[in-house]
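Q: Give me a 3D structure for the following:
(one chain, ligands or ions: 2)
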Amino acid sequence: MTPTATLEPAIRVQGVTKSFKDLEVLRGVDFDVAPGTIFALLGSNGAGKTTLVRILATLLKADGGTASVLGHEVAAAPADVRRSLSLTGQFAAVDEVLTGKENLVLVARLRHLKDPAAVADDLLARFSLTDAADRKAGTYSGGMRRRLDIAMSLVGDPPVIFLDEPTTGLDPQARIEVWDTVKNLARGGTTVLLTTQYLDEAEQLADRIAILHKGTIIQNGTLAELKRLLPAATVEYVEKQPSLEEVFLALVGDDGPEHPEPAADADTGRSAR
Ligand SMILES: Nc1ncnc2c1ncn2[C@@H]1O[C@H](COP(=O)(O)OP(=O)(O)O)[C@@H](O)[C@H]1O
Ligand SMILES: [Mg+2]
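A: Ligands and ions are numbered 1, 2, ... in the order given. Okay, here's the model as predicted:
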């Protein structure tokens, strides 16, 4: 899981800028994601996380800078990029009328895979959904539905997966289920770029965490590195480590997001392929 420094980054973002009219959302974003690792892009609501993910998934054009996925440049080789990755949006793309298995078979057919039923069975097993395979997805719990959604995005085994706020709106038990799923993905060698506004999620999952604030990455490091940015507070005899939340608030301040929220978030698309 820990890659050596000599490996090419799976995702490379250099100087990416993006404005919507006169709203500068991304003002020069830079980071690399090593293959087989989990990278968390942490930022408040409206920070520009979805905008960046959509640029990387070739759904949106950047104004400036470059970005590549597995060496394919998003602007120059969008088809290669789309073949390399899968995107799970903030809003589940599961068809509630179909069963879990039918949802997976449908995606496998759309991707022209050889044995759609076998692909579906394998993913159902990997995501502990075998028992629920023949139930309508509409009857699934929030955690099961999100697991199915992630399973659907893994049809065809993309080496890179983007998860845009994978646990927003889930209850605590379902969040833990999704976290386990994501950890297993990385263990299996998949590169995961995850966006979140939850500090504990980044803390739980990520090999590296980058904080997106006011259009740029203001910090990028391992959890331990970020924690070292703040000196441990000493209370009488007990030394307290700063939590990621304290580090985040110290860096970002508590002035909230810079931009107002859009009327409707556009990231409903599940797959970029
Ligand atoms: N298509 C769009 N047109 C205009 N403004 C947009 C559009 N998409 C996003 N924005 C604005 O860009 C900012 C960042 O949005 P977004 O990337 O969705 O943030 P996040 O995913 O971090 O919550 C917000 O202020 C939002 O209102
Ligand atoms: Mg978003």
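
Q: so where's this protein uncertain?
A: Under the criterion pLDDT under 70, the flagged ranges of the chain are 1-6, 90-92, 231-240, 254-273.

Q: where does it come near ligand 2, residue by residue?
A: 49-50 (C-beta under 5 Å from the ion). (Glycine included, C-beta is placed from N, CA and C.)

Q: Can you identify the helix in the chain that spans the most residues?
A: The helix that spans the most residues within the chain, counting by DSSP state H, is helix 172-187.

Q: which residues sit against that helix?
A: Outside helix 172-187, the residues that touch it by C-beta atoms under 8 Å, 6 or more residues apart in numbering are 1, 36-38, 126-127, 141-144, 146-147, 150, 154, 161, 163, 166-167, 170, 192, 194, 201, 204-205, 207.

Q: Any quick ChimeraX command for the buried ones out of those?
A: To isolate in ChimeraX the members of the contacts of helix 172-187 that are buried, counting by 16 or more other C-beta atoms under 10 Å, one can use:
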select :36,37,38,126,127,142,143,144,146,147,150,154,161,163,166,167,170,192,194,201,204,205,207
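
Q: Narrow the contacts of helix 172-187 to those in helices?
A: Counting by DSSP H, the members of these that fall within helices are 126, 142-144, 146-147, 150, 201, 204-205.

Q: Could you count how many residues lie near the closest residue to ligand 1 within the stretch 51-200 of the chain?
A: Residue nearest to ligand 1 within the stretch 51-200 of the chain (C-beta to the nearest ligand atom): Thr51, separated by 3.3 Å. Residues near Thr51, counting by other C-beta atoms under 10 Å, number 23.

Q: ditto for Leu59
A: In terms of burial, Leu59 registers 18 neighbours under the definition other C-beta under 10 Å.

Q: so how far is Lys183 from it?
A: In this view, Leu59 and Lys183 are 27 Å apart by C-beta to C-beta, to the nearest Å.

Q: Any buried residues in stretch 48-62, and which?
A: Neighbour-count burial for stretch 48-62, counted by 16+ other C-beta under 10 Å, picks out 48-60, 62.

Q: pretty sure Leu87 is in contact with Ser153, am I right?
A: Yes - contact criterion C-beta atoms under 8 Å: Leu87 and Ser153 qualify, at 6.8 Å.

Q: which of those two has more neighbours?
A: Between Leu87 and Ser153, Leu87 has the larger neighbour count (other C-beta under 10 Å), namely 26 against 23.

Q: Kindly state the beta-bridge partners for the more buried one.
A: Each beta-bridge partner of Leu87 is listed here, defined by DSSP bridges: Phe162.

Q: mind listing what Pro158 touches?
A: Pro158 is in contact with 83-86, 190, 273, counting by C-beta under 8 Å, 6+ apart.

Q: And the residue most central in space within the chain, how close does it get to Leu41?
A: A centroid search over the chain (C-alpha atoms, centre = their mean) returns Leu194, at 2.1 Å, as the residue closest to the centre. Here Leu194 is placed at a distance of 7 Å from Leu41 (C-beta to C-beta).
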